[in-house]
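Q: Here is the input, now give the coordinates:
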Amino acid sequence: MSQQKRVTSYDVAREAGVSQSAVSRVFRPGFSVSKKTREKVIATANEMGYRPNAIARMLITKQSGMVAVILSSRANLNYPEVLSELNKELALNNKRVLLFTLDHADELDELLENIWTFQVDGVIALAAHFDSKSLDLFAKHSTPIVLYNRNVPESSANTVCCNHEKGIKQLIDLLHNSNHKSYLIIAGPDDSDVANERREIAESYLQALKVQDTPVIYGDYGYESARNSLAQWLKTNPLPDAIICSNDVMAIGVIDEIKQNLNLSVPDDVSVVGFDGISAAAWYNYQITTIQQPMKQLTKAAVDILMERIENPQAAAEARVFTGSLITGNSIKQR
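A: Numbers count the residues shown, from 1 in each chain. Now for the predicted structure:
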């Protein structure tokens, strides 16, 4: 049985009675073509079963049409929604997501070598640590990158970020104004830029409020890590008035540990706050006081900045910071 010949743009042009360049313009977003020609070409293409060849388009435009998204294996529960929004925004710009996951920071070099082979048009990095050496590689490969939800003050990188400082201070003010005296910080992994920033802000602000010697323990952003680290710490330390968690997932783990293994209550015996504003934080058994990140604004800004750098590689680096929303739950006791 002979294989049917693939329909080309020249076949469509001949059948529709237009030039091949007119067919190309119809299927290339942003190119001008009359309504009459567009309708005629699309009708003919549909009838003949024609679809534009992405590889051929790449050779013409010198762009792959792909954007690499780097996601940490310790993903925030918000990130499936973030990925969905990124995919929508990129699709509006005729780009497609190529997803890479990063388990450990020391695997970044190998991952980047893999990315270069796909000749992606750009990169959006979620929850991955990039030092100045790694960022320099993107300039070397002429590949624009946007760092999602992180500040990199020492580098001229394109970034979009929630205002972690304002959010953390809002949470601590609620605790401080409710007469909490002793605090415990449960930070995220120490190789996470976001976790380190949130921890440093909390430590610094508590010191400014004359709270002395606030202990810090670490989790990996995960539910079990928060439960385990708190249980281990409480073996030799008393329960504090308030626990500040680096994200909502760990706050949920802390609340379950306190209720199930200590037979205590949140907020009657201890107050707990989180960060991110994931949907589970509002569930009836938790109702965590937290900061909800402006996810749609962040994702749109990340794509906008990336597209601008793809079209204009010489554009100066840009940092956009957005304010999160304070969500007042039932996890803080009025003392």
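Q: Low-confidence stretches in this structure?
A: 1-4, 29-31, 52-63, 73-77, 105, 127-128, 153-155 (pLDDT under 70).
Q: Now the phi/psi pair for residue 70, please.
A: Here is the backbone geometry of residue 70 (degrees, to the nearest 10): phi -100, psi 120.
Q: bridging residues for the nearest residue to it once chain neighbours are set aside?
A: Nearest non-adjacent residue to residue 70, counting by CB to CB, 6 or more residues apart in numbering: residue 125, 4.5 Å away. No exception for glycine: its C-beta is placed from N, CA and C like everyone else's. The partner list for residue 125 in beta bridges (DSSP bridges) reads residue 70, residue 147.
Q: Count the residues that sit near residue 125.
A: Residue 125: 27 surrounding residues under other CB atoms under 10 Å.
Q: right, and it touches residue 149 too?
A: No. Using CB atoms under 8 Å, residue 125 makes no contact with residue 149, being 9.5 Å away.
Q: now the strands for this structure?
A: Listed in chain order, the strands of the chain (DSSP state E) span residues 66-72, 96-102, 122-126, 145-148, 158-162, 183-187, 216-218, 242-245, 271-273, 290-292, 319-322, 325-327.
Q: what is the orientation angle of the first one with strand 122-126?
A: Spelled out, that is strand 66-72. Taking axes from the mean of the first three to the mean of the last three CA atoms, to 10 degrees, one finds strand 66-72 and strand 122-126 inclined to each other by 20 degrees.
Q: And the contacts of strand 66-72?
A: Here strand 66-72 makes contact (CB atoms under 8 Å, 6 or more residues apart in numbering) with 79, 83, 86, 90, 95-103, 111, 115, 118, 120-128, 192, 306.
Q: Check the last one too.
A: Contacts to strand 325-327, defined as CB under 8 Å, 6+ apart, come from residues 167, 170-171, 277, 281-282, 288-292, 294.
Q: for the fifth one, same thing?
A: Residues outside strand 158-162 that contact it (CB under 8 Å, 6+ apart): 144-152, 291, 293-294, 298, 301-302, 305-306, 309, 317-324.
Q: Now which of those residues would you call buried?
A: Among those, those scoring as buried are 144-152, 291, 293-294, 298, 301-302, 305-306, 309, 317-320, 322, 324 (criterion: 16 or more other CB atoms under 10 Å).
Q: list the contacts for the residue nearest to the spatial centre of the chain?
A: Compute the mean C-alpha point of the chain, and by CA atoms, centre = their mean the closest residue is residue 126, 4.2 Å away. Residues near residue 126 by CB under 8 Å, 6+ apart: 69-72, 75, 79, 82, 148-149.
Q: And for residue 144, nearest residue in space, chain neighbours not counted?
A: residue 309 (3.5 Å).
Q: closest to residue 253 among the contacts of residue 126?
A: residue 75 (15.7 Å; CB to CB).
Q: before we move on, back to that, and the residue nearest to residue 144, how far from residue 143?
A: 9 Å (CB to CB, to the nearest Å).
Q: what touches both of the two?
A: The contact lists of residue 309 and residue 143 share residue 122, where a contact means CB under 8 Å, 6+ apart.
Q: Pick the most deeply packed of the strands of the chain.
A: Most buried of those, by mean neighbour count (mean count of other CB atoms under 10 Å): strand 242-245, with a mean of 28.
Q: okay, that strand in CSV with CA atoms only?
A: Taking C-alpha atoms only, strand 242-245 is exported to CSV below (Å, rounded to 0.1, in the frame of the first residue of the first chain):
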residue,chain,number,x,y,z
ALA,A,242,4.1,30.9,67.0
ILE,A,243,5.6,28.9,64.1
ILE,A,244,6.5,30.7,60.8
CYS,A,245,6.6,28.3,57.9
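Q: and that strand, how far out from the chain's middle?
A: 23 Å (CA atoms, centre = their mean, to the nearest Å).
Q: Partner strands of it, with direction?
A: Next to strand 242-245 in the sheet, as set by DSSP bridges, lie strand 183-187 (parallel), strand 271-273 (parallel).
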